[in-house]
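**Student:** Whatever this is, show me its structure:
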Amino acid sequence: MKRILLITLVVVTSMVCEAQQRLIYESFTVGGQDTSRTEVLRSGDRLLIRSADAKPANSIPGVAISSTYIHYDQDSIVSQLQYPDGSFYSVYTLDGHANYAKEGKEKINGYNCEKYTITLFSNKIELWTTEDLKFRATPSTGFADLPGVLVQYRRNGNAILRLVSVMKDKHIGPLNGKQGTRVTGSELHKMEIDRKVITRPIFEEAQICFNPKLPKPTVFPYDSVIRCANGTLIVKRVKLDRLPQHYKVFAEVTEYSNGDAYDRTGSIFIIPARKAISMLQALRDSVEVLPYFTDKQGSVYQGIVRTASYDPPVELVRFFTPFGVRHYNQYRSLEGREWANEVHYKQDVSDLLPLMDGDVYIGAFIGNYDGGGHKLSLTLKAYPEGDTWDFDDKTGYLVEPLFNTCNVMEMAGQNYGRLFGTDSLTVTFTVPENVEHLELRFITTGHGGWDTGDEFVPKENTLLIDGKRYYSFTPWREDCGTYRTSNPASGNFWNGMSSSDYSRSGWCPGTATQPVHVNLTGLKPGPHTLTVAIPQGEPEGGSFSAWNVSGVLIGQYRK
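**Tutor:** Numbering: from 1, shown residues only. This next block holds a predicted model:
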């Protein structure tokens, strides 16, 4: 196709349709089970490309009717989206010329074909076109400049698109397209995706700082940011719609310093409120209302393990703020690079989807004693992996909070997780009948910010089931120097390193800690005990080590 500088859509109602055909293409992956079908309607020098698959009766929200017109007579392509609310969008583009290589002639599906190859984004593309049909047609605008009719497409040897039928259809009228709101190609593509994604903002640049003058909350109204624990913990009560299990849910967090210069522990969590006692009561009254554990040295740890009447908070994301990003950018320069303006964390929390249904309390914590503190935003985004709004009522989902020593009420008196120096953490749980895919979602990070503190010394974490060693690993991050541009207030040393560069026990300043998924599928139904053991280091002077560990039992079963 030749390039032109200006495209004008002309509606030609009197165009003579000298020929009309309906072409059907099937696409599939070798070894895969799913096949999709594309329909191409031809009327003279114009094509209409659209899906030939039936639209589900109960489809997910945000799905548009997608149509693409190729106007060979005007050297133009018109892509359109039409939504159920009546909105209509169009983008007009020119088809470019690709550098195909000819590789000879072959017979494909009874057609005499010319074979072409091209490499696009490291993918080997093979195409076969035929001029036996005496017209041009393609199911993809990416190859509209090829002559003849596309008979077969193959990507990397295993993704196949193939012409399966060509039929005359005298009922096809002029293919002119409709005039919709005109947008750019990137805008149309983004719109098509974004409208299928269910987006729920939770916090928007909410301040998390230390303010001892704040009163304790008395109520938690819907959609209000409630500041707790002297302002270092915020909570919002929200109403979340139930989602089909095929959705993938991500927590997206943005953070920047509003005055605090240090790297701080952060946590995004859900507060379970289904039992007699919950952390909500502690936020209203005192941390002392929570069930507690006393270690061998007499230290008390409030609300760290599940009991018959209490569930600990369920962590969605454990993250760590960098040293003073944005607020301290102007105080130092970084040779050859620029400081980041904020940090972003995006984590898959789909395995906790059953907790994000109905009346939900979502909290965010950043431990700090600064009056300006930090600004934080949180959004939950749900991405569909199926096209129907159907629920699997035959499958039950187990999400059981077991323990959490991340002291999100630190500034209201909740103790650090120092128990591992003399004790281990033990919790009981029950494996239901017929459970499948049982696992422990385990997050662990070590703290103690001096040379021999547990923050900077690798320590093996051991999980015991019913008193027997079951799983062990050493949480350790050696890539912390990667995030230097997010840490303008980090201390710089004589040897050329910055404090943010040093390896740490499962975390780096400016990153989120990834959960470890421990397979428990072999456990028999019934009661069990789980023990977490860590060789925590000894305190030195006024400094001490601590471990923030959280665990959730996850599985599914047939009802």
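
**Student:** And the nearest residue to L243 once chain neighbours are set aside, how far from V552?
**Tutor:** Nearest residue to L243, sequence neighbours excluded (C-beta to C-beta, 6 or more residues apart in numbering): A382, at 5.6 Å. In this view, the C-beta of every residue, glycine as well, is placed from N, C-alpha and C. The gap separating A382 from V552 is 19 Å, by C-beta to C-beta, to the nearest Å.

**Student:** higher neighbour count, those two?
**Tutor:** More crowded of A382 and V552, by other C-beta atoms under 10 Å: V552, with 25 against 21.

**Student:** Work out the sheet partners of the helix or strand encompassing that one and label each with its direction, please.
**Tutor:** In this assignment (DSSP states H and E), V552 forms part of strand 546-558. Its sheet considered, strand 546-558 pairs with strand 395-404 (antiparallel), strand 435-447 (antiparallel) by DSSP bridges.

**Student:** Identify whichever of these lies nearest to G180.
**Tutor:** Closest approach to G180 among the strands paired with strand 546-558 (C-beta to C-beta): strand 395-404, 41.0 Å.

**Student:** Check which residues of the closest one are buried.
**Tutor:** Y397, L398, V399, E400, P401, L402, F403, N404 (16 or more other C-beta atoms under 10 Å).

**Student:** What of stretch 302-310?
**Tutor:** Q302, G303, I304, V305, R306, Y310.

**Student:** lowest average confidence, helix or strand, in this structure?
**Tutor:** Least confident helix or strand, the chain: strand 88-93 with a mean of 88, by mean pLDDT, DSSP states H and E.

**Student:** hey, where'd the strands end up in the stretch 401-550 of the chain?
**Tutor:** For the stretch 401-550 of the chain, the strands defined by DSSP state E, counting those that start in this stretch cover 425-431, 435-447, 461-465, 468-473, 512-513, 516-519, 526-533, 546-558.

**Student:** With the stretch 101-250 of the chain instead?
**Tutor:** Under DSSP E, counting those that start in this stretch, the stretch 101-250 of the chain gives strands at 101-108, 111-120, 123-130, 149-155, 159-168, 181-182, 198-208, 226-228, 233-240, 248-257.

**Student:** okay, now the domains of the protein?
**Tutor:** Domain assignment for the chain by automatic domain parsing gives 20-189, 196-558.

**Student:** Show me which parts of stretch 126-133 are buried, residue by residue.
**Tutor:** In stretch 126-133, counting by 16+ other C-beta under 10 Å, buried: E126, L127, W128, T129, T130, L133.

**Student:** oh sorry, the question was meant for stretch 526-546
**Tutor:** Residues H528, L530, T531, V532, A533, I534, Q536, G537, F544, S545, A546 are the ones in stretch 526-546 that count as buried (16+ other C-beta under 10 Å).

**Student:** residues touching T529, list them.
**Tutor:** T529 makes contact with T426, V427, T428, F429, I465, D466, G467, according to C-beta atoms under 8 Å, 6 or more residues apart in numbering.

**Student:** Can you say which of these are buried?
**Tutor:** V427, F429, I465.

**Student:** Is the last one bridged to anything, and to what?
**Tutor:** This points to I465. Going by DSSP bridges, I465 forms beta bridges with K468, L530.

**Student:** can you check I226 too?
**Tutor:** Legend: beta-bridge partners of I226 under DSSP bridges are V235.

**Student:** do you know how far it is from P217?
**Tutor:** 5 Å.

**Student:** Comparing those two, which residue is more hemmed in?
**Tutor:** Remark: of I226 and P217, I226 carries more neighbours, 19 against 15, as counted by other C-beta under 10 Å.

**Student:** residues contacting the more buried one?
**Tutor:** With C-beta under 8 Å, 6+ apart, I226 has these contacts: P217, F220, I234, V235, K236, R237.

**Student:** ditto for T485
**Tutor:** Neighbours of T485 in contact, by C-beta under 8 Å, 6+ apart: L334, R337, E338, W339, A340.

**Student:** Now do the third one: how many residues are near it, please.
**Tutor:** By the criterion of other C-beta under 10 Å, E338 has 9 neighbours.

**Student:** And the residue nearest to it when sequence neighbours are not counted, what's its pLDDT?
**Tutor:** In space, and not counting its chain neighbours, E338 is closest to T485: 6.9 Å by C-beta to C-beta, 6+ apart. T485 carries a pLDDT value of 97.

**Student:** Okay, and the beta partners of F429?
**Tutor:** Under the criterion used here (DSSP bridges), F429 is bridged to H528.

**Student:** Help me confirm that it comes into contact with L398.
**Tutor:** No - applying C-beta atoms under 8 Å as the test, F429 and L398 come out as separate, 10.0 Å apart.

**Student:** Overlap of the contact sets of these two?
**Tutor:** L553.

**Student:** Surely I118 and I125 touch.
**Tutor:** Yes - here I118 reaches I125: they are 5.0 Å apart, a contact under C-beta under 8 Å.

**Student:** Among these two, which residue is more densely surrounded?
**Tutor:** Neighbour count, other C-beta under 10 Å: between I118 and I125, I125 has more, with 19 against 15.
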